[in-house]
Structure formats: structure tokens, C-alpha cells
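# generate coordinates for the sequence data below:
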Amino acid sequence: MTFLTPAWDHALLVLLNQQWRTGFFDLIAPVLSATWLIWVLGGVGLVLGVRAVGFRRMLPALCVILAVGAADGMTAVLKKEICRQRPLNTVPGTWLHESGGWSQRPADYEPKGGCGSSFASAHASNTMAVALSIVLLWPRRATFCLLLLPLLTGWSRVYLGKHYPTDVLAGWIIGLVAALAVWGLWRLLEGYWRRFIPPGGRA
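As a prediction, the model looks like this:
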């Protein structure tokens, strides 16, 4: 499928990737896009949650895993069907981070052909699914801070030249839909459990 990049999408890419650059951003952007960061944060959160409320009350954590799986699956389908090339393979002047270092595509860079995997951003969808699921399941003032994670991760994907802003926006929407769907399912099952299964008893 041919994906035409809107003018505002391209302009915002150039702004975030080529113009708004600092040494500090160069340091933190690769970290915010690291897959291991999501797993570490998730693991630490799970351990702290089990210690705080016990294993049984942490069962809703399965909803977080399910939401991420749903978001990742939907994103994978879109990537395969749309085949949008990444900015680092199409836009001259794009900055990219590979093999531990930064480089910039030359002004006369010729875009690569073939099928890409830019739309939609899996990083954006997965982090949104994790953060929003946790906020919905455990609505606390502290958990709302987790919503910064998908925002920062999405910015980093554009800064690294991996995605257009619309890729990130689509990823956020997918993660939001996945989290809301799984949370709604959890509320439905929880209501059934409380209605038909008495505390400490069996159905």
C-alpha cells in the first residue's frame, strides 16, 4: 500500500529530527527507545506490586500483558499491510542512530525502495498500552506519571529517524484502544466474579 506523507507530518519530522537537536537529547533518545527499558520498568513494577499488595491482588497485571500483546499484534498487521518506509530510508538530512553513533543522511540521499515497517510505531503502541493499563487498573496519583513514558518514547522514535510523527500517533491510538478494551473486559469479568462467586467460596 502506498502511503503519502502529509506536508505537516514531514514538517514536524524535520523540526523534531533535524532542527530541535541538543547534546542532551542525543544522549537520552536512544535510552528512551531501548526495548530493555520497558522490560526493566515492567519487572520492577511487578515486583514492587507483589510486595505491596500480594500476588493474588496482582492478578490484574495479566491484563497489562494482554493489552501489550493486543497492541503489538495490531501494529504488526498494519506494518505488513501498509509497508511504509522509515524516514531514515526516505528523507534526506535525517539524523539516525546506529551502531552506537549518530550520522546524517546527505542532502542528495536517494530513498530506498521496497517494503518498510514504519507505520505504525510498535514502541509507541506498546508503551501506551502498558502505561494506560496500569493507570486504569491502579488509578493513583503516582501511576499517572507513567503516561509520560509513551510520550517520551514517541518523541525519541522521531528524534532517532525511525518513525514519522503520524506513525507515533497511530501507535498511541492503538495502545489506547488495546488498553481500554482489555480494561473493559477485566471490569466485566470482575463484576461477574463478585456477583456469582461469594468471597472465599466457589461458584
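
# show me the contacts for the residue positioned nearest the centre of the chain.
By C-alpha atoms, centre = their mean, the chain has its centre lying nearest to residue 124, at 2.2 Å. With contact taken as C-beta atoms under 8 Å, 6 or more residues apart in numbering, residue 124 is in contact with 150, 153-154, 157, 163, 167-172, 175. Backbone N, C-alpha and C define where each C-beta goes, glycine included.

# could I get those as JSON lines with neighbour count and distance to residue 20?
Conversion of the contacts of residue 124 to JSON lines gives the following (neighbours: other C-beta atoms under 10 Å; distance: C-beta to C-beta, whole Å):
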{"residue": "150", "neighbour count": "25", "distance to residue 20": "19"}
{"residue": "153", "neighbour count": "25", "distance to residue 20": "17"}
{"residue": "154", "neighbour count": "26", "distance to residue 20": "14"}
{"residue": "157", "neighbour count": "28", "distance to residue 20": "14"}
{"residue": "163", "neighbour count": "31", "distance to residue 20": "16"}
{"residue": "167", "neighbour count": "32", "distance to residue 20": "18"}
{"residue": "168", "neighbour count": "27", "distance to residue 20": "15"}
{"residue": "169", "neighbour count": "16", "distance to residue 20": "18"}
{"residue": "170", "neighbour count": "21", "distance to residue 20": "22"}
{"residue": "171", "neighbour count": "30", "distance to residue 20": "20"}
{"residue": "172", "neighbour count": "23", "distance to residue 20": "20"}
{"residue": "175", "neighbour count": "33", "distance to residue 20": "24"}
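
# measure residue 155 to residue 37 for me?
14 Å (C-beta to C-beta, to the nearest Å).

# pLDDT-wise, which helix or strand of this structure ranks last?
helix 35-53 (a mean of 68; mean pLDDT, DSSP states H and E).

# okay then, goodbye and thanks.
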